Each structure stands twice: as structure tokens, then as C-alpha cells.
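*Asks:* this one's structure only:
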Ligand SMILES: Nc1ncnc2c1ncn2[C@@H]1O[C@H](COP(=O)(O)OP(=O)(O)O)[C@@H](O)[C@H]1O
Ligand SMILES: N[C@@H](CCC(=O)OP(=O)(O)O)C(=O)O
């Protein structure tokens, strides 16, 4: 299902899509994400011309009063050539080394390019923790808002040098969607080396552009296999769809377009692919993060009664409903909540270390408080720290 067909309902929906495009033209706050392949050459140099063209477009819009946040990839790619790396490194330590070199070079380019338009660029490096922990989240939000108030253009990237495999966004598509949610942006623009979503890898002949996706979760018949063409991008189309889904489900309309079409896309012209925003209630940032930006560090297996309570009634997970623990996690970590057939039904922040749980399993909280002490009255996962995943409802 790509569009809304030719019925009256379809025509009305199409009109809705046009109205949503028009919202881009008048949007007061926009998050723009640009991928490595649009900023760097395949051999790992910054493409100055492309940065100049992009900053021209963004600066014009900023000067017209729209608050802009640029989520820019390219640190690893831009560090390749200076460090003599022939291709994108595969191991984390070399990626981090390349990112430390490339990030400085990239921001220097942006700073100079925006300064040419009388604008101040600001580097903001974020980690997954900044999106998850309440204090850091509020801090990131406050800083970004203040920068926007002061007329600066924040340039966001993942803090690659401190990220580890376990706790890492890994791609900026999802980070951009989380930033759009954090800032309650009016729109998200994903710029890439491909000009739209296609029904299959566009390097294959016969694939067709999809101009409009009314609901990402209902998108079918689209092959997104294969990462970037030029070997410097990370997630390919899969992470862009994930990003569009996070953003649209948080109420933020999203456009995917070629970096060269940034101007027309911001002007609401029908370029690229429009992903319509869902009208449902916005989830909290923590729920979004748990559902989309992390994987569990381990899992707890629930009996059928607990599966029902968590998935259907959105209850907290109590020790009485746990039958097994897997993995080596610590209190505060994200864990998967699974049924006895191994399906992950929810994800949440756990209140105990993995080693503590076997002693608590199957016991009532009242019994635990009496026998082990009042601190054992806690839930395994509190309902406020838990998100039920798609398809989990019994
Ligand atoms: N169905 C599809 N539609 C569009 N592009 C696709 C699709 N499947 C795979 N791709 C590939 O995804 C690439 C974009 O991903 P990536 O290189 O990670 O971009 P970026 O560096 O902009 O984040 C495109 O160049 C294209 O080759
Ligand atoms: N933080 C990494 C981002 C990697 C990334 O998401 O790349 P891309 O798929 O090109 O958006 C970097 O700056 O190289």
C-alpha cells in the first residue's frame, strides 16, 4: 500500500498530504538531517561545495525566521582521508578515531559557511543516555532551546568517541527523529544521496518512487535491503523508515529527499517522499527511546498471566509473574520482556540486577517485603518505565 488510491477518500487524503507539504513552508521549527554520503566524497574528504549549497539553503530559511536544527553525519567519513584510511573502518575504535578527526573538520566547515551568512553554528554532541536519563534529556532540551532562542544553528551528531557498541544510536536517522520529538519540531527533513523512497533498491532498474506514505507502519511491498551505494552511509533505507516512523508517530511530518532538493523540500514542493504524521497522542521521549532506540541488555520471561497484565492492561511487571532471567544486566538497564515462546512483548527499565531476580521470581511483593526487607517491594519493571511493543496485544 503506497498511497490512498483513486477513491473520494483517497482524493481527500491526497489533499491532506498537500496541506502537510504546505506546513513545511510555514513550519517554525524544523530538524534537518543530512547523511554522510551527501557531505563527503567516497575517498573520505569533505565535499565543500555540497556543504556550501546546503548551508545557503538553510541560512536563507533561518534568516526568514524558521528555527533550524541540523543533524549532520559525516564525522567518520570525513576523518578517513586525514588518517589514511582507504574505506570506512569496521571496528569501533577506528571509527571513533576517525570521528574525532572528522567531527572537528566538519564543524569548522559549517561554522565558516554559516558565518558567511551572519549566522552562528553550535556543535551539540549527544549520546543515547542523553535521550534516556531524565536529567540529561532536560539538559539537552534546555541547551538546544536556548541556542535556538539566541538565533544559533545547532549542529547535532552522536558523540561517537564515547559511544560503545551496546549503548549507541549507531545511525543519525533515528537520532534526528528523537531530536525532532525532543524539540516538538513542526517537521523533519531527511536528506540523502537518494531522492526518495523507492519500492526497491533504486540502483535496480524498474523500481518506482513512492511520493507519499500515509502511515509508515502500514507500508508493505517495499524492499529496503542494502546499505548506501557509496559505502560511507550506515543504515541505508531501513533506518530512514525507522526514523520516519518514530517522527510521524510522535506527530512530526517527515520528508525524505535528495540533499540537492533541500530548498524545494523546505518550500513544500512535492519532491522526495512525504510521510504523514499520525494524529495519535505523542508518546513520551522515554517510551520512544525504549521502543525504537535501544535493544534490551537481557531479558526476563513472563508467565501468561503477566504477559496479559503487561500487554493488555499496561500493568507493572511484578516478581510473581517472572519465570526466567537471561543475560547480565544491572538495575536501570533496558531489558526485553518476553513470553514463554520467546516473543518480545515489551521493553522496560529494570529495577534489579539480573543476579538478584532468581531469588524474587514467583514471589508476591508482600512476601518479599516481609522476608527480605521493604526495598524488595519494588516491581521488576514499573509501568512508567515500560513500553509495549507492536503486535504484543493478546
Ligand atoms: N527502497 C529503497 N529506496 C531508496 N533507497 C534505497 C532503498 N533500498 C536501499 N536504498 C539505498 O539507501 C541509500 C541511502 O542510505 P545511506 O547511504 O545510509 O544514506 P545517508 O548517508 O544519506 O544516511 C541509497 O543510496 C540507496 O542506495
Ligand atoms: N555519527 C556518525 C553517523 C553515522 C551515520 O548515521 O551516518 P549516515 O547513515 O550517513 O547518516 C558520523 O558522523 O559519522
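*Replies:* Done, it's in. If you're wondering where the values come from, they're calculated on a predicted model, not measured in any experiment. Ligands and ions are numbered 1, 2, ... in the order given.

*Asks:* quick one, what contacts the spatially most central residue of the chain?
*Replies:* In the chain, the centroid-proximal residue (CA atoms, centre = their mean) is residue 174; its distance is 1.6 Å. Neighbouring residues of residue 174 by CB atoms under 8 Å, 6 or more residues apart in numbering: 239, 242, 243, 246, 292, 293. Where you see a C-beta, it was placed from the backbone N, CA and C, and this is true even at glycine.

*Asks:* start and end of stretch 205-224, how far apart?
*Replies:* With CA to CA, to the nearest Å as the measure, the first residue of stretch 205-224 is 15 Å from its last.

*Asks:* oh, and call the first residue 560 from now on, that's how I've got it
*Replies:* Renumbered: residue one is now 560, and that last one reads stretch 764-783.

*Asks:* just to revisit the earlier point, between the contacts of residue 733, which is nearest ligand 1?
*Replies:* For those, the closest approach to ligand 1 (CB to the nearest ligand atom) belongs to residue 798, at 6.8 Å.

*Asks:* identify the residue nearest residue 575 in space, chain neighbours excluded?
*Replies:* Of all residues not flanking residue 575 in the chain, residue 835 sits nearest, at 7.1 Å (CB to CB, 6 or more residues apart in numbering).

*Asks:* now do the same contact list for the one you found.
*Replies:* If a contact means CB under 8 Å, 6+ apart, then residue 835 has 575, 576, 579, 771, 772, 773, 774, 807, 812 as its contacts.

*Asks:* make a PyMOL selection of the buried ones in the residues you listed.
*Replies:* Entered in PyMOL, the line below selects the buried ones among the contacts of residue 835, by 16 or more other CB atoms under 10 Å:
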select buried, resi 576+579+771+772+773+807+812
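
*Asks:* so which residues on the stretch 560-709 of the chain come close to ligand 2?
*Replies:* 594, 595, 596, 632, 633, 634, 635, 636, 658 (CB under 6 Å from any ligand atom).

*Asks:* from those residues, which are also near ligand 1?
*Replies:* Of these, the ones that also sit near ligand 1 (CB under 6 Å from any ligand atom) are 594, 595, 596.

*Asks:* in CSV, list those along with pLDDT, secondary structure and neighbour count.
*Replies:* What follows is these, written out as CSV (pLDDT from 0 to 100; DSSP: H, G, I helix; E, B strand; the rest coil; neighbours: other CB atoms under 10 Å):
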residue, pLDDT, secondary structure, neighbour count
594, 93, coil, 30
595, 92, helix, 27
596, 90, helix, 24
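
*Asks:* would JSON lines of those residues with distance to residue 621 be doable?
*Replies:* Output for these, formatted as JSON lines (distance: CB to CB, whole Å):
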{"residue": "594", "distance to residue 621": "21"}
{"residue": "595", "distance to residue 621": "23"}
{"residue": "596", "distance to residue 621": "24"}
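
*Asks:* list just the nearest of the residues you listed to residue 898.
*Replies:* residue 594 (37.3 Å; CB to CB).

*Asks:* can you pull the buried residues of stretch 676-692?
*Replies:* Buried-residue list, stretch 676-692, by 16+ other CB under 10 Å: 678, 680-687, 689-692.

*Asks:* ok, now stretch 604-619?
*Replies:* 605, 606, 609, 610, 612, 613, 614, 615, 616, 617, 618.

*Asks:* do any residues in that stretch lie close to ligand 1?
*Replies:* No: Stretch 604-619 is not in contact with ligand 1 by CB under 6 Å from any ligand atom; minimum separation 11.8 Å.

*Asks:* ok, residue 702 - contacts?
*Replies:* So residue 702 contacts residue 683 (CB under 8 Å, 6+ apart).

*Asks:* tell me the confidence at it?
*Replies:* pLDDT for residue 702: 95.

*Asks:* surely it is within a strand?
*Replies:* No: going by DSSP: H, G, I helix; E, B strand; the rest coil, the assignment for residue 702 is helix, not a strand.

*Asks:* show me the helices in the chain, by range?
*Replies:* Taking DSSP state H as the test, the helices found in the chain are 567-585, 607-622, 634-639, 651-674, 687-691, 693-708, 731-741, 795-808, 821-825, 844-847, 863-872, 916-919, 924-931.

*Asks:* does anything pack onto the fourth one? Which helices or strands?
*Replies:* With contacts taken as 3 or more CB pairs under 8 Å, 6 or more residues apart in numbering; DSSP states H and E, helix 651-674 sits against helix 607-622, strand 626-631, helix 634-639, strand 680-685, strand 712-717.

*Asks:* hmm, try it at 7 Å
*Replies:* On a contact count with 3 or more CB pairs under 7 Å, 6 or more residues apart in numbering; DSSP states H and E, helix 651-674 meets helix 607-622, helix 634-639, strand 680-685, strand 712-717.
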